[in-house]
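Enquirer: Generate coordinates for the sequence data below:
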Amino acid sequence: MKTAKAKTAAKNPQANIGIIGGSGLYAMKGLTDTKEIRVKTPFGDPSEAIVTGLLEGKRVAFLARHGRGHRILPTEINFRANIYALKLLGVDRILSVSAVGSLKEELVPGEFLVADQFVDRTKNRISTFFGGGLVAHVTFDKPTCPQISRILADACVHCGVKVHRKGTYICMEGPQFSTLAEATMHRAMSFDVIGMTNVTEAKLAREAELCYGIIAMITDYDCWHPDHESVTGAQIIATLNKNAENAQHVVREAVKALPLEHECKCDSALAHALITDPKLVPAATKKRLAAIIGKYIS
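Expert: The predicted structure follows:
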């Protein structure tokens with residue numbers, strides 16, 4: 001595998017599709033013509049070196065969200081660097097894979113859910129690129145890309161994986177799992193699954209004008225289910241290992257099915273979101289966010 005440093009992105013795209021692997025998915029099988037790239041961003045280093053290559057004839061970039069060997073806590077993930085690095089490489093679509101707990105009987109461990117809504121209960125995260133003299137308010141009523149979500153769900157069906165085509169993902173801070181009282185509250189509020197990472201990614205992807213979709217791999221029943229013991233890391237890892245192969249197949253099929261044409265408006269999310277008078281935006285902020293705001297403010 002070759003190693004290289006990233007060049008400025010959009011002018012010289014090295015990948016069009018980004019794949020972010022979560023718990024259980026630390027590498028992407030089937031990549032050819034691979035290159036490992038260390039990307040420097042204004043927000044620091046990403047979780048891991050990014051591996052670019054060909055998958056189903058398309059240029060993709062794979063990033064292990066928690067680092068290889070799962071070294072990084074959810075709160076410690078440098079989400080801004082991760083998303084910005086993919087943007088610098090030329091990525092305009094992100095397929096995200098993540099482990100979640102089920103909050104409903106019918107959402108069975110081993111099945112997949114393509115989340116279309118989020119509730120943010122995180123506390124210690126920076127979930128915006130903006131500030132420093134530039135204010136932006138992006139629309140986030142539909143936090144995932146409908147085209148990507150449909151293709152991911154269809155890919156699950158094609159691969160014979162039981163999938164739920166929509167659902168609400170509540171994102172908690174962690175790293176501890178829920179208390180029984182919390183799990184009961186989340187169920188009473190009709191949330192579907194619970195995890196610790198994806199809402200922050202989704203917010204930053206929208207600000208970076210990237211399409212974003214998620215495969216939520218259900219690993220457990222949290223702690224609410226009367227017929228199951230309290231969730232443990234060992235249980236989750238066991239289920240993850242069983243389903244990692246399914247995730248690989250689904251991602252590969254989704255990449256194969258992705259058309260060149262975008263049917264969404266994700267790539268213009270900032271068109272009416274930048275509030276600050278461009279003349280008042282500090283030069284340092286313009287430079288730091290050039291990959292994101294360059295087509296609007298130079």
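Enquirer: so where do the strands sit in the stretch 1-150 of the chain?
Expert: 2-5, 17-21, 32-38, 50-55, 58-64, 93-102, 112-113, 117-121 (DSSP state E, counting those that start in this stretch).
Enquirer: Compare the mean pLDDT across those strands and name the weakest.
Expert: Confidence, taken as mean pLDDT, is least for strand 2-5 of these (a mean of 50).
Enquirer: just so I know, which of the strands of the stretch 1-150 of the chain lies nearest Ala271?
Expert: strand 93-102 (18.4 Å; Cβ to Cβ). Any C-beta I mention is one placed from the backbone N, CA and C, and that applies to glycine too.
Enquirer: Show me which residues of the closest one are buried.
Expert: Residues Arg93, Ile94, Leu95, Ser96, Val97, Ser98, Ala99, Val100, Gly101, Ser102 are the ones in strand 93-102 that count as buried (16 or more other Cβ atoms under 10 Å).
Enquirer: tell me how far stretch 161-176 is from the chain's mean position?
Expert: 12 Å (Cα atoms, centre = their mean, to the nearest Å).
Enquirer: Between its first and last residues, how far does it reach?
Expert: 29 Å (Cα to Cα, to the nearest Å).
Enquirer: Repeat that for stretch 117-134.
Expert: Using Cα to Cα, one end of stretch 117-134 lies 27 Å from the other.
Enquirer: try stretch 17-26
Expert: 17 Å.
Enquirer: Give the next helix or strand downstream of the longest helix seen in the chain.
Expert: Longest helix of the chain, by residue count under DSSP state H: helix 233-257. Sequence order places helix 283-288 as the next helix or strand after helix 233-257, per DSSP states H and E.
Enquirer: Name the residues of stretch 166-173 that come out as buried.
Expert: Per 16+ other Cβ under 10 Å, stretch 166-173 contains these buried residues: Gly167, Thr168, Tyr169, Ile170, Cys171, Met172.
Enquirer: Now, these that are in helices?
Expert: Among those, DSSP H puts none in helices.
Enquirer: Just the angle for the longest helix of the chain relative to strand 17-21, thanks.
Expert: 170 degrees (axes from the mean of the first three to the mean of the last three Cα atoms, to 10 degrees).
Enquirer: name the helices or strands packed onto helix 233-257?
Expert: On a contact count with 3 or more Cβ pairs under 8 Å, 6 or more residues apart in numbering; DSSP states H and E, helix 233-257 meets strand 17-21, strand 58-64, strand 93-102, strand 112-113, helix 146-158, strand 211-220.
Enquirer: For that helix, which outside residues touch it?
Expert: Applying Cβ atoms under 8 Å, 6 or more residues apart in numbering, the external contacts of helix 233-257 come out as 17, 19, 23-25, 28-30, 55-56, 58, 60, 95, 97, 99, 109-110, 112, 148, 151-152, 154-156, 158-159, 161, 215, 217, 219-220, 229.
Enquirer: what about burial for these, which qualify?
Expert: Neighbour-count burial (16+ other Cβ under 10 Å) applied to these gives 17, 19, 23-25, 28, 55, 60, 95, 97, 99, 109, 112, 148, 151-152, 154-156, 159, 161, 215, 217, 219-220.
Enquirer: Any idea how many residues pack against the residue nearest to Phe130 when sequence neighbours are not counted?
Expert: Of all residues not flanking Phe130 in the chain, Ala136 sits nearest, at 4.5 Å (Cβ to Cβ, 6 or more residues apart in numbering). By other Cβ atoms under 10 Å, 20 other residues sit near Ala136.
Enquirer: Thanks a lot, see you next time.
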